[in-house]
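Q: Please work out how this folds:
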Amino acid sequence: MKIGSLAEIKKELAFLDTKELSVLLLDLAKFSTDNKSFLYFKLFERENPRLFVEFVQEEIDLEFQKSNTRNYHFAKKSAQSIRRKLNKRLKLTRDKETLVELIIYFCEKLRHYGFLDFRHPVIDNLYKVQVGKIEKLVSGLHEDLQYDYTEKILELRKSSK
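A: Below is the predicted model:
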(Lines give C-alpha, C1' and ligand atoms only; values in the text may rest on other atoms or scores of the structure.)
Protein backbone atom coordinates (compact mmCIF):
# COMPACT_ATOMS: atom_id res chain seq x y z
CA MET A 1 0.00 0.00 0.00
CA LYS A 2 1.34 3.42 -0.94
CA ILE A 3 0.83 6.27 1.52
CA GLY A 4 -0.47 9.44 -0.09
CA SER A 5 1.43 12.72 -0.13
CA LEU A 6 0.79 15.58 2.28
CA ALA A 7 -0.98 17.47 -0.51
CA GLU A 8 -3.45 14.60 -0.94
CA ILE A 9 -4.04 14.40 2.80
CA LYS A 10 -4.56 18.16 2.96
CA LYS A 11 -7.17 17.98 0.19
CA GLU A 12 -9.03 15.20 1.98
CA LEU A 13 -8.97 17.08 5.28
CA ALA A 14 -10.61 20.06 3.58
CA PHE A 15 -13.72 17.92 2.97
CA LEU A 16 -14.15 16.95 6.64
CA ASP A 17 -16.37 18.90 9.02
CA THR A 18 -15.15 20.08 12.43
CA LYS A 19 -16.56 17.12 14.36
CA GLU A 20 -14.81 14.62 12.07
CA LEU A 21 -11.59 16.62 12.30
CA SER A 22 -11.67 16.66 16.10
CA VAL A 23 -12.26 12.88 16.21
CA LEU A 24 -9.38 12.36 13.78
CA LEU A 25 -7.07 14.58 15.85
CA LEU A 26 -7.99 12.78 19.06
CA ASP A 27 -7.30 9.41 17.43
CA LEU A 28 -3.95 10.73 16.26
CA ALA A 29 -3.16 12.00 19.77
CA LYS A 30 -3.97 8.58 21.24
CA PHE A 31 -1.59 6.93 18.80
CA SER A 32 1.62 8.17 20.47
CA THR A 33 2.74 10.46 23.26
CA ASP A 34 4.72 12.52 20.74
CA ASN A 35 1.53 13.28 18.82
CA LYS A 36 -0.28 14.06 22.05
CA SER A 37 2.39 16.47 23.27
CA PHE A 38 2.63 18.13 19.85
CA LEU A 39 -1.13 18.69 19.80
CA TYR A 40 -1.12 19.94 23.40
CA PHE A 41 1.58 22.53 22.74
CA LYS A 42 -0.01 23.71 19.51
CA LEU A 43 -3.34 24.21 21.26
CA PHE A 44 -2.10 25.94 24.41
CA GLU A 45 1.00 27.69 23.12
CA ARG A 46 -1.10 30.56 21.77
CA GLU A 47 -2.01 31.60 25.33
CA ASN A 48 1.49 31.07 26.77
CA PRO A 49 4.31 31.03 24.19
CA ARG A 50 6.86 30.11 26.87
CA LEU A 51 4.91 26.99 27.87
CA PHE A 52 6.92 24.66 25.64
CA VAL A 53 10.29 26.06 26.75
CA GLU A 54 9.37 25.84 30.44
CA PHE A 55 8.10 22.29 30.05
CA VAL A 56 11.25 21.09 28.29
CA GLN A 57 13.52 22.89 30.78
CA GLU A 58 11.71 21.23 33.69
CA GLU A 59 12.07 17.87 31.94
CA ILE A 60 15.81 18.47 31.37
CA ASP A 61 16.28 19.50 35.02
CA LEU A 62 14.56 16.36 36.21
CA GLU A 63 16.69 14.15 33.94
CA PHE A 64 19.92 15.79 35.08
CA GLN A 65 18.92 15.36 38.73
CA LYS A 66 18.31 11.66 38.11
CA SER A 67 21.53 11.24 36.12
CA ASN A 68 24.34 9.06 37.38
CA THR A 69 27.74 10.77 37.40
CA ARG A 70 29.68 8.34 39.59
CA ASN A 71 32.06 7.51 36.76
CA TYR A 72 32.59 8.54 33.16
CA HIS A 73 30.75 5.54 31.68
CA PHE A 74 27.50 6.24 33.51
CA ALA A 75 27.89 9.98 32.92
CA LYS A 76 28.31 9.36 29.19
CA LYS A 77 25.21 7.15 29.05
CA SER A 78 23.18 9.68 31.05
CA ALA A 79 24.25 12.59 28.83
CA GLN A 80 23.40 10.65 25.68
CA SER A 81 20.01 9.68 27.08
CA ILE A 82 19.18 13.27 28.01
CA ARG A 83 20.28 14.49 24.58
CA ARG A 84 18.02 11.92 22.88
CA LYS A 85 15.05 13.11 24.95
CA LEU A 86 15.89 16.72 24.17
CA ASN A 87 16.10 16.00 20.43
CA LYS A 88 12.71 14.31 20.62
CA ARG A 89 11.22 17.45 22.16
CA LEU A 90 13.00 19.77 19.74
CA LYS A 91 11.11 18.13 16.88
CA LEU A 92 7.89 19.61 18.28
CA THR A 93 8.84 23.20 17.42
CA ARG A 94 10.09 25.03 14.37
CA ASP A 95 11.01 28.24 16.17
CA LYS A 96 14.78 28.61 15.86
CA GLU A 97 15.02 30.90 18.88
CA THR A 98 13.35 28.24 21.04
CA LEU A 99 15.70 25.58 19.66
CA VAL A 100 18.74 27.73 20.44
CA GLU A 101 17.51 28.51 23.94
CA LEU A 102 16.88 24.84 24.79
CA ILE A 103 20.18 23.57 23.41
CA ILE A 104 22.03 26.32 25.32
CA TYR A 105 20.17 25.25 28.44
CA PHE A 106 21.21 21.63 27.87
CA CYS A 107 24.87 22.63 27.41
CA GLU A 108 24.82 24.79 30.54
CA LYS A 109 23.39 21.88 32.54
CA LEU A 110 26.08 19.55 31.18
CA ARG A 111 28.66 22.00 32.47
CA HIS A 112 26.85 22.67 35.77
CA TYR A 113 26.47 18.99 36.69
CA GLY A 114 30.15 18.28 35.97
CA PHE A 115 29.81 16.11 32.88
CA LEU A 116 32.61 18.00 31.15
CA ASP A 117 34.98 17.41 34.09
CA PHE A 118 35.41 13.78 33.02
CA ARG A 119 37.17 14.84 29.78
CA HIS A 120 35.66 11.77 28.14
CA PRO A 121 35.84 12.06 24.33
CA VAL A 122 32.21 11.03 23.80
CA ILE A 123 30.90 13.63 26.27
CA ASP A 124 33.23 16.29 24.87
CA ASN A 125 32.12 15.52 21.30
CA LEU A 126 28.47 15.53 22.31
CA TYR A 127 28.98 18.96 23.86
CA LYS A 128 30.87 20.31 20.83
CA VAL A 129 28.20 19.04 18.44
CA GLN A 130 25.51 20.80 20.47
CA VAL A 131 27.53 24.05 20.46
CA GLY A 132 27.92 23.63 16.69
CA LYS A 133 24.14 23.24 16.35
CA ILE A 134 23.67 26.44 18.33
CA GLU A 135 26.11 28.32 16.08
CA LYS A 136 24.35 27.07 12.96
CA LEU A 137 20.90 27.99 14.27
CA VAL A 138 22.06 31.42 15.48
CA SER A 139 23.50 32.22 12.06
CA GLY A 140 19.95 31.98 10.67
CA LEU A 141 18.44 34.34 13.24
CA HIS A 142 17.98 38.11 13.05
CA GLU A 143 21.13 40.19 13.59
CA ASP A 144 20.00 41.50 16.98
CA LEU A 145 19.37 37.98 18.24
CA GLN A 146 22.71 36.83 16.81
CA TYR A 147 24.43 39.51 18.86
CA ASP A 148 22.56 38.46 22.01
CA TYR A 149 23.56 34.81 21.63
CA THR A 150 27.18 35.45 20.60
CA GLU A 151 28.28 36.00 24.19
CA LYS A 152 26.66 32.76 25.33
CA ILE A 153 28.29 30.85 22.46
CA LEU A 154 31.71 32.23 23.43
CA GLU A 155 31.10 31.19 27.04
CA LEU A 156 30.10 27.69 25.93
CA ARG A 157 33.17 27.38 23.71
CA LYS A 158 35.45 28.26 26.65
CA SER A 159 33.98 25.37 28.61
CA SER A 160 34.76 22.86 25.90
CA LYS A 161 38.51 23.55 25.96
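Q: Glu101 sits in which helix or strand?
A: The secondary structure element spanning Glu101 is helix 96-112 (assigned by DSSP states H and E).
Q: same for that helix, what does it pack against?
A: Counting contacts by 3 or more CB pairs under 8 Å, 6 or more residues apart in numbering; DSSP states H and E, helix 96-112 packs against helix 51-66, helix 72-90, helix 121-139, helix 143-159. For glycine as for every other residue, the C-beta is placed from the backbone atoms N, C-alpha and C.
Q: Could you tell me the angle between the last one and helix 121-139?
A: With axes from the mean of the first three to the mean of the last three CA atoms, to 10 degrees as the basis, helix 143-159 and helix 121-139 are set at 170 degrees to each other.
Q: which residue is nearest the middle of this protein?
A: Compute the mean C-alpha point of the chain, and by CA atoms, centre = their mean the closest residue is Leu90, 2.6 Å away.
Q: isn't it right up against Lys96?
A: No - with contacts counted by CB atoms under 8 Å, Leu90 stays clear of Lys96, the gap being 10.6 Å.
Q: Name the SS class of Leu24, please.
A: Following DSSP: H, G, I helix; E, B strand; the rest coil, the label given to Leu24 is helix.
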